[in-house]
Every structure is written in structure tokens, then in C-alpha cells.
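Asker: Let me see the structure of the following:
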Amino acid sequence: MDETLSGRQGEARAHRLHNMRLVATGLLALMAAIYVATGVWVRVWPGLAYVRAFAEAAIVGACADWFAVTALFRRPLGLPIPHTAIVPRNKDRIGEALGAFIADNFLTLDVLEARLRELELGRWGAGWLKQQRNARLVAERIVGLTPELLGFSTPEARRRFVGAVASDVVAALPAAALLAGALRAIWHGERRGAVTDAALDLLARAVAKRGSAAGGGRQSHLPVAAAVGGREDSRCGPEGPRPDR
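Answerer: Next up is the predicted model:
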């Protein structure tokens with residue numbers, strides 16, 4: 001179907017080109033006939049000199065245009081005239097010069113930055129994603145492509161990617177503010193005592209473990225939270241601390 005359509009379009013272009021050549025050649029022949037005829041009758045009607053000059057200018061212009069256009073792509077009439085067939089003989093040099101001109105004047109970093117700044121792609125993309133239908137479409141595409149992308153990657157690459165994302169998220173979080181909020185919630189909450197006891201117990205176990213490792217096995221099993229919470233020990237009685245004897 002496409003080949004048939006392109007063939008028809010080529011035939012139509014060739015037909016139009018043939019008609020244009022016939023018209024141009026016919027006009028050139030008409031101007032030549034007017035030039036010859038006015039040259040014969042100019043002595044009888046001197047005013048025909050103006051018509052003869054017009055026909056002469058038309059003939060010269062037509063021949064000059066034909067020669068200029070023809071000389072670009074081939075040798076006129078097949079004659080080895082210098083400075084003709086310019087494009088076939090210099091196509092490589094013309095291509096390099098054209099590419100350098102485009103690269104130096106249209107593809108430089110400054111020009112591209114200015115063009116992209118004028119486009120405002122970020123604002124356009126944000127406006128496009130504000131529409132619920134577009135946002136849903138993008139989300140569906142991402143969800144659909146995620147399994148395929150994960151299938152192409154290796155487990156090590158996935159671990160590195162997840163680790164990098166997690167590191168960026170953690171680095172972006174305001175750790176001091178979050179920790180302060182958590183401590184404030186714990187301190188003013190109803191379970192403040194239980195949390196404090198648990199923290200002190202963990203601290204006591206760590207200290208006892210380190211002390212047993214340094215003291216040859218002796219270890220205190222009394223939780224610090226119990227001592228802080230007012231529990232009785234071997235030196236505390238109902239009347240207060242017992243004096244040393």
C-alpha cells in the first residue's frame with residue numbers, strides 16, 4: 001500500500017515537472033519569436049523597440065537561470081565548462097561545511113540552554129501531570145514497565161539501587177527534628193516510665209556484660225530500672241537505707 005502510494009506521488013511529481021518544463025520552454029520560444037518579429041518591423045513602427053528590448057531581456061534571463069540551476073547539479077549540455085556540476089564534485093566538502101555551520105551556530109551549549117530555558121519543559125510537564133488522566137496514565141506505564149526493568153537487572157544491581165535510594169532518602173530527612181519529636185512524644189506520653197525502665201534495663205545489661213568480661217565472670221543481675229524505680233535491695237528497708245556496720 002505504501003509503495004503504491006509513493007509510486008503514485010512520484011508519477012504526479014514527474015508529470016508536474018514535465019508540464020513546468022513545457023511551459024518554460026514555450027515561453028522562451030515565444031520571447032524569441034517576439035524578438036525576431038519586432039526586429040523586422042521595428043523600422044516601420046519604432047515603438048516596437050520597447051517590446052523587442054523586453055523580449056531580449058526575457059531571453060537572457062531565462063538562459064541565465066537555466067544555466068545557473070543546471071550548473072549546480074550537472075554540466076550544461078554535457079560540455080566540460082569550468083565551475084559546473086558543483087554539487088556532485090563537492091558534496092563531501094559541502095556536507096562538512098554545512099554540518100560545521102549548524103554545529104557552531106545552532107547546537108552549541110549556550111544556544112541549547114537558551115532554547116530549553118525558553119521552552120520551560122519543567123513547567124509544561126508539571127502542568128501536564130496535574131491532569132488526573134495523564135498522571136494515571138504515567139503511573140500505569142511505570143507500574144507495567146517495572147517488572148520488565150527488574151528482570152533485565154541483576155540482584156547486585158537491584159541491591160545497589162535500593163541502597164542508593166535509601167541513602168538519599170535518609171540523607172534528605174531532617175534527622176534532628178524527627179528525633180526531637182520522637183523524644184518529646186515519649187517523654188510526654190503515658191508510657192514514659194515503661195520506656196525509661198526498658199532503656200535503663202538495656203543499659204544495665206550492657207554495663208554488666210562489659211563488667212563480667214573485664215572482671216572474670218562477676219555480673220550484677222539487678223536491673224538499674226529497679227533501683228531507679230524505688231525497689232528494695234539488700235541495703236534498703238521499709239524505714240530507709242540501712243546504716244553500714
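
Asker: could you give the mean pLDDT of the helix or strand that contains residue 210?
Answerer: Under the assignment given by DSSP states H and E, the secondary-structure element containing residue 210 is helix 192-215. Averaging pLDDT along helix 192-215 yields 70.

Asker: Equivalent analysis for stretch 121-141, please.
Answerer: Averaged across stretch 121-141, pLDDT comes to 85.

Asker: Would you mind pulling the contact partners of stretch 36-49?
Answerer: Counting by C-beta atoms under 8 Å, 6 or more residues apart in numbering, stretch 36-49 makes contact with 51, 52, 55, all of which sit outside it. From N, CA and C alone the C-beta is placed, and that goes for glycine too.

Asker: which of those tops the neighbour count?
Answerer: Neighbour tally across the contacts of stretch 36-49 (other C-beta atoms under 10 Å): the maximum, 21 neighbours, falls on residue 55.

Asker: In this model residue 29 seems to touch that one, though I could be wrong.
Answerer: No - taking contact to mean C-beta atoms under 8 Å, the distance of 11.2 Å between residue 55 and residue 29 leaves them out of contact.

Asker: Where is the longest helix in this protein?
Answerer: Secondary structure of the chain per DSSP state H: the longest helix is helix 2-41.

Asker: Could I get the buried residue list for that one?
Answerer: Buried positions in helix 2-41, judged by neighbour count with 16 or more other C-beta atoms under 10 Å: 28, 31, 34, 35, 38.

Asker: Stretch 125-142 now?
Answerer: Taking 16+ other C-beta under 10 Å as the criterion, stretch 125-142 shows none as buried.

Asker: isn't there a helix covering residue 160?
Answerer: Yes - secondary structure of residue 160, determined by DSSP: H, G, I helix; E, B strand; the rest coil: located in a helix.
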